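*Asks:* starting from these lines, generate the structure:
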Amino acid sequence: MNNDHLKVLIYKGNYQVVKESGVGKAINHQERVLQSAGVDLAQDWDDDWSIVHINTVFPDSVRHAKKAKKMGRKVVYYGHSTEEDFRNSFHLSNVAAPLFKKWICHCYKTGDVIITPSPYSKQLLKSYGIDKPIHNLSNGIDTEFFKPNPTAKARLIERYRLNPQRKIVVSVGLFIKRKGILEFLALAKDMPDVQFVWFGHTDLKLIPKEVSQAIRNKPSNVLFPGYVSSEVLRDAYCGADCFLFLSHEETEGIVVLEALACEAPTIVRDIPVYKPWLVDGQSVFMVQDDAEAKARLRTILSGQSPDLSQGARDLALSRSLQEVGKALIAIYEKEGLV
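*Replies:* Below is the predicted model:
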């Protein structure tokens with residue numbers, strides 16, 4: 001297909017609210033994905049575009065989806081959120097989860113086509129009774145930016161004044177229970193000889209007391225640098241002895257792709273979202289519980305686990321922005337959007 005006359009608008013209302021989250025990264029990736037596919041990006045609503053991408057579930061997102069349809073334009077709604085990954089997040093999130101599900105269904109139904117990052121999230125959205133075409137397509141990963149760098153470890157150690165004689169374990173995410181932060185802190189307490197670094201932040205007033213207290217009482221071998229630049233995060237992936245991501249629920253896990261692209265030895269919890277695209281012992285190590293996580297972490301840090309770096313990099317390359325761009329255009333064509 002010739003994309004010379006195709007122009008797409010990526011709606012960015014309330015982008016500041018989500019820019020530090022996975023949704024924010026997904027929006028940034030979409031720009032690069034479309035550019036790699038030779039698609040022009042519209043600069044604003046008044047530009048001459050034929051398709052709009054909507055990634056958020058705010059009231060203004062729905063208003064603009066409806067506005068686009070009244071204008072005769074096509075709406076691609078990205079299903080980043082599910083009831084399942086809303087749970088175990090903030091105060092009262094479990095109580096509000098059924099209402100959140102109804103709301104996101106209302107949002108997604110305003111799209112002509114829904115794109116969601118994994119086969120698992122596609123299955124969930126279908127189970128909600130959404131009667132629209134649903135495609136699973138990875139958010140993608142910038143494999144030209146996220147790649148191994150042998151000098152990264154020295155920068156990571158210097159930046160955070162870490163002990164070069166001790167191993168470094170890294171994780172990334174919001175301070176929420178679903179992301180596995182309690183297990184991360186428990187492992188750090190059990191392994192005082194190892195340095196644990198968690199990148200990301202959440203206002204402690206927004207999260208349950210159980211989590212906020214655990215963070216305030218963190219072991220001395222845990223560091224919370226907060227949000228950092230992509231360059232600093234890349235050094236963390238490349239310099240870590242292990243990337244530990246014990247999240248209980250995801251729709252894909254962009255940070256996992258980033259770590260794999262950097263060939264970091266990676267541990268994830270064995271949860272449905274990773275099936276079938278992640279395979280234990282090929283690109284990642286999967287664990288069932290905290291005891292298995294601790295045992296696997298020890299074998300990685302002692303150099304006794306297999307080297308999965310090539311499998312990790314190959315997996316990331318299969319989800320590069322260029323590959324995702326080709327697949328996105330194929331979805332446009334299949335659904336008659338172009």
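
*Asks:* hang on, residue 222 packs against residue 198?
*Replies:* Yes - with contact defined as Cβ atoms under 8 Å, residue 222 counts as touching residue 198 (6.9 Å). Where C-beta positions appear, they are placed from N, C-alpha and C, glycine not excepted.

*Asks:* who has more neighbours, the two?
*Replies:* Legend: neighbour count by other Cβ atoms under 10 Å for residue 222 and residue 198, higher for residue 198 (24 against 18).

*Asks:* are we agreed that that one is in a strand?
*Replies:* Yes - checked against DSSP: H, G, I helix; E, B strand; the rest coil, residue 198 lies within a strand.

*Asks:* got the CA positions of stretch 268-284 in CSV?
*Replies:* Output in CSV follows, covering the C-alpha atoms of stretch 268-284 (Å, rounded to 0.1, in the frame of the first residue of the first chain):
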residue,chain,number,x,y,z
VAL,A,268,8.8,-12.3,35.4
ARG,A,269,5.9,-13.8,37.2
ASP,A,270,4.2,-16.6,35.2
ILE,A,271,0.9,-14.9,34.4
PRO,A,272,-1.4,-15.2,31.4
VAL,A,273,-0.4,-12.0,29.6
TYR,A,274,2.9,-13.5,28.6
LYS,A,275,1.5,-16.5,26.8
PRO,A,276,2.4,-17.4,24.2
TRP,A,277,5.0,-14.8,23.3
LEU,A,278,7.3,-15.2,26.2
VAL,A,279,8.7,-18.7,26.9
ASP,A,280,10.4,-19.7,30.1
GLY,A,281,14.1,-20.4,29.5
GLN,A,282,14.2,-18.8,26.0
SER,A,283,14.0,-15.1,26.6
VAL,A,284,13.0,-14.8,30.3
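
*Asks:* buried residues in it, which are they?
*Replies:* By 16 or more other Cβ atoms under 10 Å, the buried positions in stretch 268-284 come out as 268, 269, 271, 273, 274, 277, 278, 283, 284.

*Asks:* once you drop chain neighbours, what's closest to the fifth one?
*Replies:* Distance criterion Cβ to Cβ, 6 or more residues apart in numbering; nearest residue to residue 274, sequence neighbours excluded, is residue 268 at 6.3 Å.

*Asks:* before we move on, what SS does that neighbour have?
*Replies:* Local secondary structure at residue 268 is given as strand here, using three-state DSSP.

*Asks:* contacting residues for it?
*Replies:* 245, 246, 247, 253, 256, 274, 278, 284, 285, 286, 287 (Cβ atoms under 8 Å, 6 or more residues apart in numbering).

*Asks:* quick one: least confident of those residues?
*Replies:* The weakest per-residue confidence within the contacts of residue 268 falls on residue 253 (91).

*Asks:* quick check, nearest of the buried residues of stretch 268-284 to residue 261?
*Replies:* Nearest to residue 261 among the buried residues of stretch 268-284: residue 283, at 10.7 Å, using Cβ to Cβ.

*Asks:* distance of the closest one relative to residue 277?
*Replies:* Residue 283 is 9 Å from residue 277, where distance means Cβ to Cβ, to the nearest Å.

*Asks:* find residues that contact each of those two.
*Replies:* The contact lists of residue 283 and residue 277 share residue 315, where a contact means Cβ under 8 Å, 6+ apart.

*Asks:* in helices, which of the buried residues of stretch 268-284 appear?
*Replies:* Judged by DSSP state H, helices contain none of those.

*Asks:* from these, which is closest to residue 31?
*Replies:* Proximity of these to residue 31 was ranked by Cβ to Cβ; the top entry is residue 277 with 23.5 Å.

*Asks:* what ranges do the helices span in this protein?
*Replies:* Taking DSSP H as the criterion, the chain carries its helices at 15-18, 22-36, 59-70, 83-86, 93-108, 119-127, 152-159, 181-190, 209-216, 230-239, 254-261, 290-301, 309-318, 321-334.

*Asks:* figure out which of the ones you listed is closest to residue 167.
*Replies:* Closest approach to residue 167 among those is made by helix 290-301 (4.5 Å; Cβ to Cβ).

*Asks:* how's this protein carved up into domains?
*Replies:* Listed by automatic domain parsing, the domain ranges of the chain are 7-140+320-334, 152-318.
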